[in-house]
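Novice: using only what follows, build the 3D model:
(one chain, ligands or ions: 1)
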Amino acid sequence: MQQDHLRVTDLTMAYGDFVVMRGIDFTVRRGEIFIIMGGSGCGKSTLLRHLIGLQPPTEGSVEFDGHDLWRAGPAQRDRLLRRMGILYQSGALWSSMTLAENVALPLAGHTDLSPQDIAELVSLKLALVGLAGFEAFYPAELSGGMKKRAALARAMALDPEILFFDEPSAGLDPLSAKRLDDLILHLRDSLGSTVVIVTHELASILGVGTDAIFLDAETKTILAQGHPRDLLAHCPHPAVRDFLTRGESLSCPA
Ligand SMILES: Nc1ncnc2c1ncn2[C@@H]1O[C@H](COP(=O)(O)OP(=O)(O)OP(=O)(O)O)[C@@H](O)[C@H]1O
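Specialist: Model (predicted):
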């Protein structure tokens with residue numbers, strides 16, 4: 001049986017008086033590819049910021065592996081966050097550094113490994129994302145898809161148990177986006193990582209997601225949770241159905 005890896009309980013998120021979501025609950029189980037989806041402005045990025053320790057809840061809790069991220073002291077929170085890997089939308093590679101130097105950064109900052117061990121690990125991580133031999137390249141010399149994969153190698157440098165992706169397919173052509181999706185699946189299967197993806201790319205949602213939540217800006221709640229294909233097949237709510245069918249369910253009988 002899969003264990004809970006991330007548990008969100010009665011979470012209210014707000015910017016000052018403006019409430020984004022109210023009293024939401026969900027659980028991400030170990031090994032899941034969990035999708036956070038919903039229309040523009042519903043609060044996906046805000047939720048992600050709460051999950052990765054960048055923004056504290058107004059109310060409620062975020063537990064990672066049984067530890068409350070926000071009730072932990074700074075040192076414990078830092079240890080918990082180190083077990084997470086994050087791939088930001090922009091990739092955020094340092095343009096003045098080679099791929100090897102970019103991927104080596106977290107290893108140099110958080111481990112006591114020798115430069116030689118770091119170099120070996122960097123090559124392993126780059127190989128894992130299909131970039132063996134690109135150690136000496138600069139980000140500007142790579143395609144958009146390659147940059148995302150390099151950023152993924154860096155996000156995996158410290159062997160995270162859980163990987164967060166913020167709109168991974170943004171700016172990629174369909175084939176590069178599919179390649180990134182395949183890589184995410186491969187990493188989950190080979191490393192057993194839990195994956196959380198914020199996206200509104202239908203191909204990714206239906207292609208790799210094993211569980212999903214749909215956030216709704218109007219009600220400020222989660223409208224539906226389940227396997228994306230089940231949500232598509234069983235049309236639990238018109239807004240979810242329309243989202244997953246690009247509005248084509250509007251012409252279907254309810
Ligand atoms: N720093 C902020 N201060 C005040 N309001 C904010 C801030 N960041 C986001 N918001 C508001 O919170 C709501 C949720 O924004 P958020 O960026 O989380 O949505 P999203 O679902 O990620 O949107 P998108 O898909 O367009 O990126 C929006 O109404 C937004 O205007």
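Novice: so the residue nearest to A212 when sequence neighbours are not counted bridges to which residues?
Specialist: Using CB to CB, 6 or more residues apart in numbering and skipping residues adjacent in sequence, the residue nearest A212 is I35, 3.8 Å away. (Glycine included, C-beta is placed from N, CA and C.) Here I35 sits in beta bridges with I197, A212, as judged by DSSP bridges.
Novice: who's in contact with I35?
Specialist: By CB atoms under 8 Å, 6 or more residues apart in numbering, the contact list for I35 reads I197, V198, T199, S204, I205, G209, D211, A212, I213, P228.
Novice: which neighbouring elements make contact with the strand or helix carrying the fifth one?
Specialist: Translated: I205. Using DSSP states H and E, I205 falls within helix 202-208. Applying 3 or more CB pairs under 8 Å, 6 or more residues apart in numbering; DSSP states H and E, we find helix 202-208 packed against strand 33-38, helix 174-191, helix 228-234, helix 238-244.
Novice: try it again with 6 Å
Specialist: Where contact means 3 or more CB pairs under 6 Å, 6 or more residues apart in numbering; DSSP states H and E, helix 202-208 is packed against strand 33-38, helix 174-191.
Novice: please identify the most buried of those.
Specialist: strand 33-38 (a mean of 26; mean count of other CB atoms under 10 Å).
Novice: next structured bit after that one?
Specialist: Scanning forward in sequence from strand 33-38 by DSSP H and E, the next helix or strand is helix 44-51.
Novice: where's W94 relative to the ligand, distance?
Specialist: Distance of W94 to the ligand, computed by CB to the nearest ligand atom, to the nearest Å: 24 Å.
Novice: same check on A151?
Specialist: 18 Å.
Novice: also R154?
Specialist: In terms of CB to the nearest ligand atom, R154 sits 23 Å off from the ligand.
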